[in-house]
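# one predicted model, sequence on top.
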Amino acid sequence: MKDSYIKIKKIPYEEPYHLNLIFSASNGLFCGHLDFYCSVDDIKRLGKVLSIFPREASDEYIYKIGSPNPKNNCAYFFQLRAYTINMIGHCALQIRINNNEEKADEGACRFSIKVEPTELNRLGELLLTFSKLRHKELNWSLSGDLDSLIEE
């Protein structure tokens with residue numbers, strides 16, 4: 001799906017420890033958007049893992065924050081799951097988002113983007129650079145044509 005992308009915009013907050021991020025993603029058919037908070041270390045860890053993913057044919061990595069169940073008193077749920085889809089190492093990136101809002105303001109999505117390992121590795125490298133806090137926006141596309149880091 002060549003229209004697949006991930007965009008992450010950093011909103012000034014309690015840097016260098018905590019980040020306020022606006023995350024948007026699409027696989028060309030479905031899309032999701034969430035404003036959430038995480039640590040700089042989370043971004044570094046995610047970047048490190050994706051930059052060398054997969055390490056074996058049955059590899060999987062899950063980054064999540066919050067809970068999809070609003071009864072758990074979480075403001076939101078965000079999950080990024082990298083996983084292999086076959087024994088020769090083809091991969092996918094699953095995105096799950098839930099804003100845990102009441103009806104009429106609710107929003108949730110779950111979709112995957114099929115990716116080659118080198119595409120995931122490229123996203124990981126972008127995340128590692130983004131974690132240095134010199135950029136306000138990260139753009140990644142499946143084709144690589146739209147990859148960019150926009151400086152502060």
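That came in fine, so what should we check first?

# I43 should be in a helix, yeah?
Yes: I43: assigned to a helix according to DSSP: H, G, I helix; E, B strand; the rest coil.

# what about L21, how many residues nearby?
L21: 19 surrounding residues under other Cβ atoms under 10 Å. Every C-beta, even on glycine, is put in place using the N, C-alpha and C of the backbone.

# show me what contacts it?
By Cβ atoms under 8 Å, 6 or more residues apart in numbering, the contact list for L21 reads I8, K9, K10, I11, D35, F36, Y37, C38.

# ok, longest helix in the chain?
Counting residues, the longest helix found in the chain (DSSP state H) is helix 117-130.

# got the CA positions of it in PDB?
The C-alpha trace of helix 117-130 is given here as PDB (Å, rounded to 0.1, in the frame of the first residue of the first chain):
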ATOM      1  CA  PRO A 117      12.300  -5.200   7.200                       C
ATOM      2  CA  THR A 118      14.400  -2.400   5.600                       C
ATOM      3  CA  GLU A 119      11.400  -0.100   5.700                       C
ATOM      4  CA  LEU A 120      11.000  -0.800   9.400                       C
ATOM      5  CA  ASN A 121      14.700  -0.300   9.900                       C
ATOM      6  CA  ARG A 122      14.400   3.100   8.200                       C
ATOM      7  CA  LEU A 123      11.600   4.100  10.500                       C
ATOM      8  CA  GLY A 124      13.700   3.000  13.500                       C
ATOM      9  CA  GLU A 125      16.600   5.200  12.400                       C
ATOM     10  CA  LEU A 126      14.200   8.200  12.000                       C
ATOM     11  CA  LEU A 127      12.900   7.600  15.500                       C
ATOM     12  CA  LEU A 128      16.400   7.400  16.900                       C
ATOM     13  CA  THR A 129      17.300  10.800  15.300                       C
ATOM     14  CA  PHE A 130      13.900  12.200  16.400                       C
END
